[in-house]
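Chemist: When you get a sec, could you give me coordinates for this:
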Amino acid sequence: MPVLDREEFIEQAYFFHAFRERLADGLPSQEILARIGEELLSTTKLPLAVGFLHTESKVSGLMSPAMARIDHYFTAFQTHVVSQAESDLSRFAMDQALLVLEREADYKAKGPSLAGLFIYQFESLSRNRLGYSKGLSAMAQDPLYDEDWRDYILTLQTRLGDVDFADLIFVRSAYFVKERRRLKPDFEPKYPALFGEREGKIARANRGRDPMYLFSALQRQLGYPEVPRARRPDELEARIVLLELKVAQLENRIKLAENDISQDVDLNQVMVKPENTAGIPAGWAAKRDKP
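Modeler: Numbering: from 1, shown residues only. Prediction:
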């Protein structure tokens, strides 16, 4: 897959942003795809891609299969995020997925660092529970990563859980090489350093701690993009929904009570008639002969 131009990422960020807002307004996704292509910059390839999504979504009602078919434009990570949101068993909402992709496209448009892009994508997988096996494979296919980054990302599939994530960053940082060369001047790392000195220092300070603290520190210190978090449920909104349910139950009970008051109870409606049964058993209520 070729690396897209900056204007493509800008239009993608707008597309995901507008799509998310119109879904929140209650518009169906097929209607959004049918109209939003006219708003996009015609000198980019995104209008053609959106038109293909609209055509394919009419058949299956999903976007991820169509995104997978045009993998020369949408990355495998983008397809993976949308497919997880469209899964019936996933709790990952579509508006959350679109916000993740919007911030990723916006970060790519600003000239991202590969370390910052990796941290953002990896945190998106871990925070939203999108699966490490398929998620890391999708990340490795991003055309912005070179061969060293792809090998490192695929290696994480076997190292996660056995080695602390902060250590996995620290040993591949320039700060690790610098510290080793203080003790051994002729030290040469086995693998090339992928992270800078500042990433290495922050990773070393967060060894043995929750990885979320590491992500937060990298965002504060280095300006890495923040992964959106799921919106907390509004207590007031939940109470209103509960009150509406209670009112509906009370209305049903009042209707039943009014029917009982206005109409006399007819026992014939609940009594079992002999013709509706197999008949009276033989010898029923027969008197026994006295000895």
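Chemist: For L125, which non-adjacent residue is closest in space?
Modeler: Excluding its sequence neighbours, the residue lying closest to L125 (CB to CB, 6 or more residues apart in numbering) is G135, at 4.1 Å. All C-beta spots, glycine's among them, are computed from the backbone N, C-alpha and C.
Chemist: average pLDDT for whichever helix or strand that neighbour is part of?
Modeler: Using DSSP states H and E, G135 maps to helix 132-140. Regarding helix 132-140, the rounded mean pLDDT is 93.
Chemist: got the buried residues for it?
Modeler: Within helix 132-140, the residues that qualify as buried are 132, 135-140, counting by 16 or more other CB atoms under 10 Å.
Chemist: same question, stretch 138-147
Modeler: Buried residues in stretch 138-147 (16+ other CB under 10 Å): 138-142, 145.
Chemist: Now tabulate the residues you listed in JSON lines and tack on distance to D186.
Modeler: Below are the buried residues of stretch 138-147 laid out as JSON lines (distance: CB to CB, whole Å):
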{"residue": "A138", "distance to D186": "39"}
{"residue": "M139", "distance to D186": "35"}
{"residue": "A140", "distance to D186": "33"}
{"residue": "Q141", "distance to D186": "37"}
{"residue": "D142", "distance to D186": "35"}
{"residue": "Y145", "distance to D186": "30"}
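Chemist: farthest pair in these?
Modeler: A138 and Y145 (11.5 Å; CB to CB).
Chemist: about what we covered before: who are the neighbours of the helix holding G135, in terms of helices and strands?
Modeler: Helices and strands touching helix 132-140, by 3 or more CB pairs under 8 Å, 6 or more residues apart in numbering; DSSP states H and E, are helix 76-86, helix 114-128, helix 147-159.
Chemist: name the helices or strands packed onto the first one?
Modeler: This means helix 76-86. If you count contacts as 3+ CB pairs under 8 Å, 6+ apart, helix 76-86 packs onto helix 64-69, helix 94-109, helix 114-128, helix 132-140.
Chemist: quick one: which of the helices and strands packed on helix 132-140 is nearest G200?
Modeler: For G200, the closest of the helices and strands packed on helix 132-140 is helix 114-128, at 10.3 Å, according to CB to CB.
Chemist: Okay, now the unreliable bits of the stretch 101-250 of the chain?
Modeler: 231-235 (pLDDT under 70).
Chemist: one more time with 80, if that's ok
Modeler: 161, 230-238, 241 (pLDDT under 80).
Chemist: re earlier: my guess is the residue nearest to L125 meets T79, correct?
Modeler: No: applying CB atoms under 8 Å, one finds G135 not in contact with T79, separated by 11.2 Å.
Chemist: who's in contact with the helix holding G135?
Modeler: With CB atoms under 8 Å, 6 or more residues apart in numbering as the test, helix 132-140 has contacts from 75-77, 79-80, 118, 121-122, 125-126, 145, 149-150, 153-154, 156-157, 160.
Chemist: Quick one: closest of the helices and strands packed on helix 76-86 to Y224.
Modeler: Going by CB to CB, the one of the helices and strands packed on helix 76-86 nearest Y224 is helix 114-128, 4.5 Å.
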